[in-house]
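>>> Quick one: sequence and predicted model below, then my questions.
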Amino acid sequence: GAGVSQSPSNKVTEKGKDVELRCDPISGHTALYWYRQSLGQGLEFLIYFQGNSAPDKSGLPSDRFSAERTGGSVSTLTIQRTQQEDSAVYLCASSPSGLAGGGRELFFGEGSRLTVL
Amino acid sequence: DAKTTQPTSMDCAEGRAANLPCNHSTISGNEYVYWYRQIHSQGPQYIIHGLKNNETNEMASLIITEDRKSSTLILPHATLRDTAVYYCIVRPGREAGSYQLTFGKGTKLSVIP
């Protein structure tokens, strides 16, 4: 598609269950980001992928959170043993380039709304 | 990295210019000013960015003061669809960490009919 695609758009889960959120970036974009937005709050950086470089995981809030990016394209954010405080909108963004070069604007998906009961 | 200060909320009459201020008094020489907006229930959308000079595109104009300590985003003819949260972000230069954008709480702009 033309934009960043995220799935599922909504996910309701029970506390303690694992969830996987998927992001399809814009074709050709080498940089991919995950952000989290809790209700009424700004965006919180989680993780960044750039090409084949090691990802920057410095924003992940705990070891229950992990993310992968396969083949430099699709990314999956996994939350294990979900807690109620994990409830938020998880936003994925991609960019034509990361650290260098022009075109560093981020293109965001619509987000995946996670509700942990 | 530099932080930004924005008013929590603003109103603007439909058809009038919306002027959204942002203070970034600790900005350093190689840091860019970026503006994004987030319409309800959507992901943020890039609007414009600049370094020193004023910038204009099809969406908005960005006015950066000569000392670069503040900027103003101008929507020349606000419409109801411009109602959104507007984020002013200072993005570090090409040193390590320059890829991160730190979003604050932004300004909630309400365009009034």
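Happy to help now that I have it.
>>> which residues are contacting the helix or strand hosting residue A:49?
Taking DSSP states H and E as the criterion, residue A:49 maps to strand A:43-50. Residues from elsewhere that reach strand A:43-50, judged by C-beta atoms under 8 Å, 6 or more residues apart in numbering or on different chains: A:30-38, A:55-57, A:59-61, A:65, A:67, A:69, A:75, A:77, A:90-91, A:98-99, B:44, B:99-103. Every residue, glycine included, has its C-beta placed from N, CA and C.
>>> hmm, which of the residues you listed are the buried ones?
A:30-37, A:55-56, A:59-60, A:65, A:67, A:69, A:75, A:77, A:90-91, A:98-99, B:44, B:99-103 (16 or more other C-beta atoms under 10 Å in any protein chain shown).
>>> re earlier: from the chain's centre, how far out does the strand holding residue A:49 sit?
How far strand A:43-50 lies from its chain's middle: 7 Å, per C-alpha atoms, centre = their mean, to the nearest Å.
>>> average pLDDT for that strand?
Strand A:43-50 shows a mean pLDDT of 91.
>>> List the strands paired with the following helix or strand past it, with their directions.
Moving toward the C-terminus from strand A:43-50, the next helix or strand (DSSP H and E) is strand A:65-69. Strand pairing for strand A:65-69, using DSSP bridges, gives strand A:75-79 (antiparallel).
>>> and the angle from the partner strand to strand A:43-50?
With axes from the mean of the first three to the mean of the last three C-alpha atoms, to 10 degrees defining the directions, strand A:75-79 sits at 130 degrees from strand A:43-50.
>>> Which pLDDT does the model give whichever residue of chain A sits closest to chain B?
Per C-beta to the nearest C-beta, residue A:108 is where chain A lies closest to chain B, at 3.1 Å. pLDDT, residue A:108: 94.
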